[in-house]
Each structure stands twice: as C-alpha cells, then as structure tokens.
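Asks: Prediction below, plus the sequence it came from.
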Protein chains: 2
Amino acid sequence: MASDRLSITLTALADPTRRQILARLGQSEATVMELAAPFALKLPTVSKHLKVLQRAGLVSQSRRAQWRPCRLEVAPLADVTELVERYRNLWEERHDRLDQLLNQLQK
Amino acid sequence: MASDRLSITLTALADPTRRQILARLGQSEATVMELAAPFALKLPTVSKHLKVLQRAGLVSQSRRAQWRPCRLEVAPLADVTELVERYRNLWEERHDRLDQLLNQLQK
DNA sequence: CCGGTATTCTGCCGCCAGGCTAATTAGCTG
DNA sequence: CAGCTAATTAGCCTGGCGGCAGAATACCGG
C-alpha cells in the first residue's frame, strides 16, 4: 500500500466495515466488543480493522481496566476535504454550465 | 476489494499516482501518453490505473483517431464530500471546545 | 496493403488486505 | 493463585493490486 498520509487515510475509509465502525464511534466511544457486535466478524478481524483506522489516525484507543475504549478522531478528514475541495471549482463550474444549458432549453 | 460505489471511489483515490493523474486532468483533457509522461511507469501500468479511475467514474475516455483522450469526471466526489460532511459537526464541535479551552487559558 | 504510433490485453510476479483459528497478554475477582 | 473476560498477536489462506514484458488491436499515412 502507498505510505503517504492521505493514501493511508483514504485506504482506511475505503472499506464499508471500517466506515460503519466510524459511524458507530460518531455516536459515542465504544469497546472493541461493542464495535464488533453488529458484524458477523470474529474479534481479531475487527481488531485488525481498528489497527488500520488507528494507523490513519481516525481512531484512538485508551485503556480502562481490560477494556480498550475506542474514540473517533476526525482530524485526518481535513486532508480528504482539502482533496475534494480542490475539484469543487470544476464541479460547480460544470453544474453552472449544465444550468445554463437547461435554461436555454427551457426558452 | 469492496464492491460498493463509495469504496470503489475511495480505493481509486487512495493511490498517489492516480491522484496525480486526476490533478493533471483537472487542467485539461490528456492522452494516455501525456498522462504517463511525468511517471517512471510503463504504459500498460498507467492504462491499468486509468481503468481503476474509470471504474470509479472519475475518468471518462473518448476516441480521437488512435488516441483516447481522458477527461476528469467529478461527480463521484459528491459521495466523498457527503461522507466527510457527516463528521463536520464533530469536527467543528471539537474545534469550538479547543477554542474555549484556549480562551480560558488566556484569561 | 504496410509500417508506424497509441493503447489495451494477457500473463506473470511479489506483496498486502481481509478473513479465519489458536495461542497469548492484560486485568478484574473470588 | 485460579479462573473469567477483553483484546491482541501469530500464523495461515485466498484474492486483488501494482508493477513488468510481450502480444494484440486500432487507426492513420503513404
């Protein structure tokens, strides 16, 4: 896998299981067991997904007794936003053109 | 690889070579040769990258004689934006908290 | 039709990703 | 300490990715 930060973040996001985990963590902190519950996956597999998310800085883990509650960290999403924003101009530009075309057709 | 739309888009973006290709296409259309020029990669490899980008709907290709000029398509980025936006609240929320903390410390 | 240029297709390789099981670590509790 | 629960580590598959070389396809120009 590519080893630059943005690639690592995008790779972490490019899996529906991991995105679901992030969505769950958007509600509140959760233990690994709690995160694993909705899935038909064994614990080590979920643990592996969490490690990918941690490597991307999207999840941090603390220790409370034998539990390791996970927390969502949104900082890396800034880079993703920046990437997409770079094309927003084009995006809007083309929508503008489309709008113009539609207006012309309506006349 | 996961086969849902968003995962396919994010996977396509999760490679620096492909992001560079997209950046180049942000300027103007370009042939495969032109796209390959900046890289130390063989043509079939670049062609493969383009196929990944096409599968994600990020690039479209037309035919002009023996050239197949590539064009950037930004529509799939909307889903990425939506994904990130889902966490914007948290992001700003935490920044607000950080701001408050900083303000308190300054007093 | 032939030769040249642009591009893709086919096969090959090494490596990493995502899944599993089994074993191990870490920490509470009796 | 013994035993329970939570979580990770180690090791093993399978499949897909990113790279290559070589062959095939597509199209122009003479």
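Replies: Perfect, I can see it now. Residues are numbered from 1 along each chain as shown, chains lettered A, B, ... in the order given.
Asks: secondary structure class for the nearest residue to A:Tyr87 once chain neighbours are set aside?
Replies: Excluding the flanking residues, the one nearest A:Tyr87 by Cβ to Cβ, 6 or more residues apart in numbering or on different chains is B:Val74, at 4.9 Å. For the C-beta atoms, the positions are set from N, CA and C on the backbone; glycine is no exception. Assigned state for B:Val74: coil (three-state reduction, DSSP: H, G, I helix; E, B strand; the rest coil).
Asks: Need the per-residue pLDDT for B:Val74.
Replies: Listed pLDDT for B:Val74 reads 95.
Asks: Quick check: it vs DNA strand D, distance?
Replies: Using Cβ to the nearest atom of the strand, to the nearest Å, one obtains 20 Å as the distance from B:Val74 to DNA strand D.
Asks: How many residues are close by that residue?
Replies: 21 (other Cβ atoms under 10 Å in any protein chain shown).
Asks: quick one: it and A:Glu92 touch, right?
Replies: No: applying Cβ atoms under 8 Å as the test, B:Val74 and A:Glu92 come out as separate, 9.5 Å apart.
Asks: quick one: contacts for A:Thr9?
Replies: Residues in contact with A:Thr9, defined by Cβ atoms under 8 Å, 6 or more residues apart in numbering or on different chains, are A:Ala56, A:Gly57, A:Leu58, A:Pro76, A:Leu77, A:Asp79, A:Val80.
Asks: redo that, cut-off 6 Å
Replies: For A:Thr9, the contacting residues are A:Ala56, A:Pro76, by Cβ atoms under 6 Å, 6 or more residues apart in numbering or on different chains.
Asks: For chain A, which residues are neighbours of DNA strand D?
Replies: Proximity of chain A to DNA strand D, by Cβ under 7 Å from any atom of the strand, involves residues A:31-34, A:43-44, A:46-48, A:50-51, A:61, A:66-69.
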